[in-house]
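[1] I'll drop the sequence and a predicted model, then ask my questions.
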Amino acid sequence: MRPLPSLHRWLFGRHRDEQWPLVLGQRRIFIVPSAAGLLFALVLLVMLIGAINYDLSLGHALIFLLAGLGLVAMVHSFHNLFGLRLTPGRADAAFAGDLARFPLQLENPRRQQRRALDLSLSDQPVVTVDLPAEGRATIALPCLASRRGRLDPGRVTLATRYPLGLFRAWSYIHPSWSCIVYPKPLRTPLPPASPATATDHRQGSAGQEDFAGLRPRQISDPTRHIAWKAVARRSDEQALLVKQFAGGVSDELWLDWSLTPTDRDSEDRLSILAGWVMLADEQQACYGLRLPGQQIAPAEGSVHRANCLQALALYATGEAQDAA
């Protein structure tokens, strides 16, 4: 337990930064001697006592030279962070058990290089980067996605011990970013597909037998249905056209919560559904998702897959209830 929690909150508060790009000024950078720096100071103190005791002029000169070198190293450690511009990026979704990666762009407006910059999230691996003069780099910070839901990685620690390792300068950055963590897929056979009802057919649900015409492409339409010949004959830049079929009855694959084993816990059942979603997407099947209190109509494509996986990730959370 920290002896001065109020002072620690004032110095290292977990408030989120809202203005981007964030420029590191002197109020955002902290610097303290490292273990090597404390040992260096202790050696200088012992040398100073010896020089005074034996009245060594050259000893005094050497001690003051080394002390000045240490002060110069402290200034360089501070300026290795001072003036950096930081901009967070958008994190892609990940599966539970994998590493989610949060991009952070670093920009160096100075004509001097920035060396040995260490970036890390809380209790996560450290990423070291060197920035060229007047250059920029985008660093993907890894964070273990241990459970499904929305992952907030917390604040970023940007630190350096350059050039001599005698001082550690660091700064805390807390962007307002997060990513969706999908349930870890469990690969099991897909449930059997059921034919669409006659009512659905009369209402205009697309069949798979007779060509019925062309229509503008929607995001959920697979690329194999695009009418490339018709698109090639058009000189304008309008939306792509897809083939529309009618006649016959198309099969609908429903990935239903009730079809998962009832003897498994809810997390395993969500993982089974996630595995079904991935397998159905690989087979380019038209599938829908049913969860207690929520239903996603059958469709295809990467956007539909992401919507289904997000529904599984946020199922039975406060965010999912608010969205419903």
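    Perfect, I can see it now.

[2] Show me the beta-bridge partners of residue 139.
    Beta-bridge pairing for residue 139 (DSSP bridges): residue 104.

[3] Pretty sure residue 259 sits against residue 191.
    Yes. Judged on Cβ atoms under 8 Å, residue 259 makes contact with residue 191 at a distance of 4.8 Å. Any C-beta I mention is one placed from the backbone N, CA and C, and that applies to glycine too.

[4] buried set for the longest helix belonging to the chain?
    Determined from DSSP state H, the single longest helix within the chain is helix 57-79. Across helix 57-79, burial judged by 16 or more other Cβ atoms under 10 Å covers 59, 63, 70, 73-74, 76-79.

[5] And stretch 28-47, by the same measure?
    Buried residues in stretch 28-47, defined by neighbour count with 16+ other Cβ under 10 Å: 28-29, 31, 34, 37, 40, 44, 47.

[6] Tell me which residues are up against it.
    Residues from elsewhere that reach stretch 28-47, judged by Cβ atoms under 8 Å, 6 or more residues apart in numbering: 11, 59, 62-63, 66-67, 70, 74, 77-78, 81-82, 161, 165-172.

[7] Extract the C-alpha trace of it and format it as PDB.
    Output of stretch 28-47 as PDB, limited to C-alpha atoms (Å, rounded to 0.1, in the frame of the first residue of the first chain):
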ATOM      1  CA  ARG A  28       4.200  14.900 -18.500                       C
ATOM      2  CA  ILE A  29       7.700  13.500 -18.100                       C
ATOM      3  CA  PHE A  30       9.100  12.100 -14.800                       C
ATOM      4  CA  ILE A  31      12.800  11.200 -14.200                       C
ATOM      5  CA  VAL A  32      14.500   9.400 -11.400                       C
ATOM      6  CA  PRO A  33      18.000   7.800 -11.000                       C
ATOM      7  CA  SER A  34      18.100   4.100 -11.900                       C
ATOM      8  CA  ALA A  35      19.800   1.400  -9.800                       C
ATOM      9  CA  ALA A  36      22.900   1.900 -11.900                       C
ATOM     10  CA  GLY A  37      22.700   5.700 -11.300                       C
ATOM     11  CA  LEU A  38      22.400   5.200  -7.600                       C
ATOM     12  CA  LEU A  39      25.500   2.900  -7.600                       C
ATOM     13  CA  PHE A  40      27.300   5.500  -9.800                       C
ATOM     14  CA  ALA A  41      26.500   8.200  -7.200                       C
ATOM     15  CA  LEU A  42      27.700   6.000  -4.300                       C
ATOM     16  CA  VAL A  43      31.000   5.300  -6.100                       C
ATOM     17  CA  LEU A  44      31.500   9.000  -6.700                       C
ATOM     18  CA  LEU A  45      30.900   9.700  -3.000                       C
ATOM     19  CA  VAL A  46      33.500   7.100  -2.000                       C
ATOM     20  CA  MET A  47      36.000   8.500  -4.500                       C
END
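
[8] Distance from it to the middle of the chain?
    Taking Cα atoms, centre = their mean, to the nearest Å, one finds stretch 28-47 lying 36 Å from the centre of the chain it belongs to.

[9] what is the rounded mean pLDDT of that stretch?
    Here stretch 28-47 scores 96 as its mean pLDDT.

[10] ok, now stretch 70-77?
    For stretch 70-77, mean pLDDT rounds to 96.

[11] rewinding a little: among the buried residues of stretch 28-47, which are in helices?
    Reading helices off those with DSSP H, I get 37, 40, 44, 47.

[12] any chance you could map the strands in the stretch 51-200 of the chain?
    Remark: strands assigned in the stretch 51-200 of the chain by DSSP state E, counting those that start in this stretch are 85-88, 94-95, 99-107, 114-121, 127-131, 136-144, 149-151, 156-160, 167-173, 179-182, 194-195.

[13] Make JSON lines out of these and add distance to residue 267.
    Below are the strands of the stretch 51-200 of the chain laid out as JSON lines (distance: least, Cβ to Cβ, whole Å):
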{"stretch": "strand 85-88", "distance to residue 267": "30"}
{"stretch": "strand 94-95", "distance to residue 267": "13"}
{"stretch": "strand 99-107", "distance to residue 267": "18"}
{"stretch": "strand 114-121", "distance to residue 267": "24"}
{"stretch": "strand 127-131", "distance to residue 267": "31"}
{"stretch": "strand 136-144", "distance to residue 267": "17"}
{"stretch": "strand 149-151", "distance to residue 267": "11"}
{"stretch": "strand 156-160", "distance to residue 267": "29"}
{"stretch": "strand 167-173", "distance to residue 267": "33"}
{"stretch": "strand 179-182", "distance to residue 267": "12"}
{"stretch": "strand 194-195", "distance to residue 267": "27"}
